[in-house]
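Novice: this one's sequence-less:
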């Protein structure tokens, strides 16, 4: 089979936007940096496969994430297609300055719901990190730049264990009140389950954060990413983060495995009769191509299955 047989289910959205994070969240975790031209080609291929949001890179200090030290050079190579968004991650005002100089029109900031991860990732408390983002968000909005807020450790923390729903809501709503257009809820170590997803979304909804302001970002450490995605769709979420070929994880959380693979997500969504605008064959070809540059096979089940069928694996 080359595609799933679609069966619509009541209560699910007709279209879902896939927020592709492979070029940033995926490649930042590689042991070695890929050539800038390869990254630019990766982005081009993802767009050619029909992805309308491709997070291109991150303007962090090179010593923090050397794999993405070429952010400005990369964006200069990327030919931006009409109707496609190319957001970038920025950690602070200096990162914002560099991003604006590169001509970006969409950024993301990255916060934590837990103190332990905030200290390890940003060397600040949760409150201090949120305060650091306030001028970044304010200046970006003033420049007409769209802002997304990532919130990590929403479902569990390797150092603190369980994370209270109320704790996630408190930090998440602060990011939205600050001016973030969208809040992406991250299951950084992949411990969430569908009931937990629904409970968190219910709590955020009760706090005034509707489905039009929320996205989900699942890792598949315990094999729950697709089940959690269905729970989010049933709640009304229509933006789902994923990484082509399932590359990427989290360098600050030792137990984290790869992101939800975009191909696996597309197979699920198309099987539910949900439109994504993505050409699955082209996407699989892209991930097989990238796997060759990374020197290892893709962990995506769909890439493995379709790649083998076509003799591409």
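Specialist: That came through fine. No experiment lies behind these values; they were computed from the predicted model shown.

Novice: all contacts plus neighbour counts: C-alpha atoms, from now on.
Specialist: Will do.

Novice: could you pull out the strands in the chain for me?
Specialist: 17-20, 53-54, 57-58, 88-89, 106-112, 146-152, 182-187, 214-218, 239-242 (DSSP state E).

Novice: tell me which of these is the most buried.
Specialist: Across the strands of the chain, the average number of neighbours (mean count of other CA atoms under 10 Å) peaks for strand 57-58, which reaches a mean of 29.

Novice: who are the contact partners of residue 154?
Specialist: 112, 113, 163, 165, 168, 185, 186, 187, 188 (CA atoms under 8 Å, 6 or more residues apart in numbering).

Novice: apply 7 Å and report the result again.
Specialist: Contacts were defined as CA atoms under 7 Å, 6 or more residues apart in numbering; by that measure residue 154 touches 113, 163, 168, 185, 186, 187.

Novice: could you measure the spatially closest residue to the third one that is not a sequence neighbour against residue 102, distance?
Specialist: The shortest distance from residue 168 to any residue other than its chain neighbours is 5.4 Å, reached at residue 113 (CA to CA, 6 or more residues apart in numbering). The spacing between residue 113 and residue 102, counted by CA to CA, to the nearest Å, is 30 Å.

Novice: point out where the stretch 1-150 of the chain drops to low pLDDT.
Specialist: Low-confidence segments of the stretch 1-150 of the chain, defined by pLDDT under 70: 1.

Novice: now stretch 268-288: mean pLDDT?
Specialist: Average pLDDT, stretch 268-288: 97.

Novice: contacts for stretch 83-92 next, please.
Specialist: Residues contacting stretch 83-92 (CA under 7 Å, 6+ apart): 52-60, 96, 106-110, 132-133, 136.

Novice: with stretch 178-190 instead?
Specialist: Under CA under 7 Å, 6+ apart, the answer for stretch 178-190 is 134, 137, 146-156, 172, 176, 213-222, 253, 255-256.

Novice: which residue ranges of the stretch 51-200 of the chain form helices?
Specialist: 71-77, 93-101, 115-122, 126-142, 165-178, 194-206 (DSSP state H, counting those that start in this stretch).

Novice: and residue 59, what does it touch?
Specialist: Here residue 59 is in contact with 71, 89, 90, 95, 98, 99 (criterion: CA under 7 Å, 6+ apart).

Novice: and with 10 Å instead?
Specialist: Residues in contact with residue 59 (CA atoms under 10 Å, 6 or more residues apart in numbering) are 65, 68-72, 88-92, 94-99, 107.
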